[in-house]
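**Q** Show me how the following folds:
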Amino acid sequence: TLDSLSTSALSGFGSPAQNPFEFGEVVTSTPPASDYHVAHQISQQDIKHATTLIRDEVESSQHPNVAVRSTADCEIGDLFVVNGYHPLLIETLSKGISYELGKVVKHVQFHDKKHGGGLSVRCQDGSSFKSKTLICTVPIGVLQQDEQQQQQNEEKYRANTCTATSHSHSAPKAASTAATASPAYSDDAAASSVVSTPTAAIEFDPPLGEEYNQAISIFGPGAHNKLLLRFKEDDIFWPTESPQLNCPDPRFQWHNLHAYGVKGVLVTHIWPPFAFGFDSLSNEQVLEEVLTVLRSMFNIQLPQPVDWKLTRWDKDPFSMGSYSYVKAPSTADDVAKSLEVLMSPFGTDANECCFFAGEAITARSPQCVYGAFLSGTSAAKKAGALLLNQQSSQN
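**A** Residues are numbered from 1 along each chain as shown. Coordinates of the predicted model:
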């Protein structure tokens with residue numbers, strides 16, 4: 001199903017208003033000389049060299065390398081996760097661990113030594129948990145929100161009916177529970193289900209304070225949404241072996257999952273600034289925008305997808321974006337100072353037992369799953385070291 005597919009988040013740029021071409025019109029001729037800036041004259045030799053590089057890349061893309069990699073090939077660069085991260089990471093890392101889902105954390109209370117140290121976590125359903133350490137991996141966009149902002153975001157979220165909508169021409173899908181991180185709703189169930197969607201703002205006691213809030217403030221939550229399209233195999237209209245499809249419209253780009261064994265599926269990457277709210281378009285209108293571009297690209301009567309799924313990560317109260325980015329005019333020194341703060345434990349003076357982690361809190365591979373994994377591993381090691389030190393001092 002489309003719900004099981006996952007691809008890593010990427011950053012993107014370009015405004016539709018600056019697009020000199022109409023939708024997916026294929027450009028085959030060289031732009032007139034007047035379109036070039038005088039300061040950047042391009043010679044015929046430069047054009048021939050660029051053309052050769054493009055031709056070589058196009059030819060190599062006709063036969064994408066989709067071989068399964070072994071764990072020994074860990075330094076081979078970027079990889080594409082076809083079946084999602086659940087079987088790759090979550091199922092593997094969660095073995096032997098006790099965990100609970102659907103628990104919306106609302107309050108974190110740190111205790112001093114005379115009250116036993118450690119911390120307490122209180123959830124929206126009234127349940128609570130006590131622990132000696134805490135690893136907090138909520139997205140930066142959530143960490144930045146206070147309760148009032150979260151309620152405003154929640155109203156916008158409900159107005160858009162859902163975070164991610166799945167459609168099928170054969171049978172509608174049932175609504176998932178409201179407490180999941182990425183709920184998927186059918187149109188008929190969305191209205192009743194989304195009303196109970198909880199807010200995700202977390203109150204820390206003591207508060208994070210100026211140092212941590214300043215460190216968090218240089219980051220912003222980016223938006224990279226996706227529209228997944230599944231067609232019947234007999235209706236496939238694109239080059240089946242090309243892993244990627246591009247067009248002059250800066251809003252869209254496509255990943256061809258059919259080339260990787262996921263039959264009949266195109267993933268539409270939707271880039272900023274259009275990815276932020278889709279210019280207030282409904283889910284169905286966004287679908288039509290994408291299909292219009294594809295019709296223009298291939299100049300055909302496009303078949304209707306049998307299933308489709310649209311994400312709205314920038315409106316999801318549990319995400320508030322797809323990935324982090326560094327706000328202008330922050331410098332490299334600003335980022336280094338912020339990471340130093342965010343990688344340090346938080347709590348009371350005598351009880352610093354909370355460790356932050358995530359794709360934003362890493363100097364290596366930010367915005368990526370690998371960076372998030374490294375950050376989480378580092379936080380876990382620090383938490384483990386703290387527990388060992390506490391145990392040694394008690395002995």
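**Q** make it CA atoms for all contacts and neighbour counts henceforth
**A** Will do.
**Q** Provide a list of residue ranges in the stretch 1-150 of the chain with pLDDT below threshold.
**A** Counting by pLDDT under 70, the stretch 1-150 of the chain shows low-confidence ranges at 1-77, 146-150.
**Q** same thing but at 90, please
**A** Under the criterion pLDDT under 90, the flagged ranges of the stretch 1-150 of the chain are 1-99, 112-117, 143-150.
**Q** for the stretch 151-300 of the chain, same thing?
**A** By pLDDT under 90, the weakly predicted segments of the stretch 151-300 of the chain are 151-201, 208-209.
**Q** Which residue ranges of it form strands?
**A** Assigned by DSSP state E, counting those that start in this stretch, the strands in the stretch 151-300 of the chain fall at 164-168, 184-185, 203-205, 219-222, 225-230, 244-245, 252-256, 265-270.
**Q** Just name the most buried of these.
**A** Highest mean neighbour count of these: strand 184-185, a mean of 26 (counted as mean count of other Cα atoms under 10 Å).
**Q** Nearest to Asn283, out of the strands of the stretch 151-300 of the chain?
**A** Shortest distance between Asn283 and those, using Cα to Cα, is found for strand 164-168: 7.6 Å.
**Q** need the helices for the stretch 201-350 of the chain, in chain order.
**A** 209-217, 283-298, 332-342 (DSSP state H, counting those that start in this stretch).
**Q** now the shortest one and helix 332-342, what's the angle there?
**A** On the basis of axes from the mean of the first three to the mean of the last three Cα atoms, to 10 degrees, helix 209-217 is oriented at 130 degrees to helix 332-342.
**Q** And helix 209-217, what does it pack against?
**A** Helix 209-217 is packed against helix 332-342, with contacts defined by 3 or more Cα pairs under 8 Å, 6 or more residues apart in numbering; DSSP states H and E.
**Q** related to what we said a few turns ago, any chance of the helices of the stretch 201-350 of the chain in TSV, plus mean neighbour count?
**A** Putting those into TSV (neighbours: other Cα atoms under 10 Å) gives the following:
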stretch	mean neighbour count
helix 209-217	14
helix 283-298	16
helix 332-342	16
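**Q** Switch those helices over to JSON lines; also include distance to Lys232.
**A** What follows is these, written out as JSON lines (distance: least, Cα to Cα, whole Å):
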{"stretch": "helix 209-217", "distance to Lys232": "45"}
{"stretch": "helix 283-298", "distance to Lys232": "15"}
{"stretch": "helix 332-342", "distance to Lys232": "47"}
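**Q** in the helix or strand containing Leu387, what counts as buried?
**A** Using DSSP states H and E, the secondary-structure element containing Leu387 is helix 369-394. In terms of neighbour count (16 or more other Cα atoms under 10 Å), helix 369-394 has its buried residues at 369-376, 378-380, 382-383, 386.
**Q** Which elements pack onto that helix?
**A** Applying 3+ Cα pairs under 8 Å, 6+ apart, one finds that helix 369-394 makes contact with strand 134-136, strand 351-356.
**Q** winner for burial among those?
**A** Among those, ranked by average contacts under mean count of other Cα under 10 Å, first place goes to strand 351-356 (a mean of 22).
**Q** That one pairs with which strands?
**A** strand 134-136 (parallel), strand 346-348 (antiparallel) (DSSP bridges).
**Q** now that strand: mean pLDDT?
**A** Looking at strand 351-356 alone, the average pLDDT works out to 93.
**Q** Just list the residues touching Arg281, thanks.
**A** For the record, residue 281 is Leu, not Arg. Shown in contact with Leu281 (Cα atoms under 8 Å, 6 or more residues apart in numbering): no residues.
**Q** what's the distance between it and Phe274?
**A** Distance check for Leu281 against Phe274: by Cα to Cα, to the nearest Å, it reads 10 Å.
**Q** Kindly report the same for Val306.
**A** From Val306 across to Phe274, the span is 25 Å (Cα to Cα).
**Q** which of the two has more neighbours?
**A** In this view Val306 and Phe274 are compared by other Cα atoms under 10 Å, and Phe274 has more residues nearby, 20 against 15.
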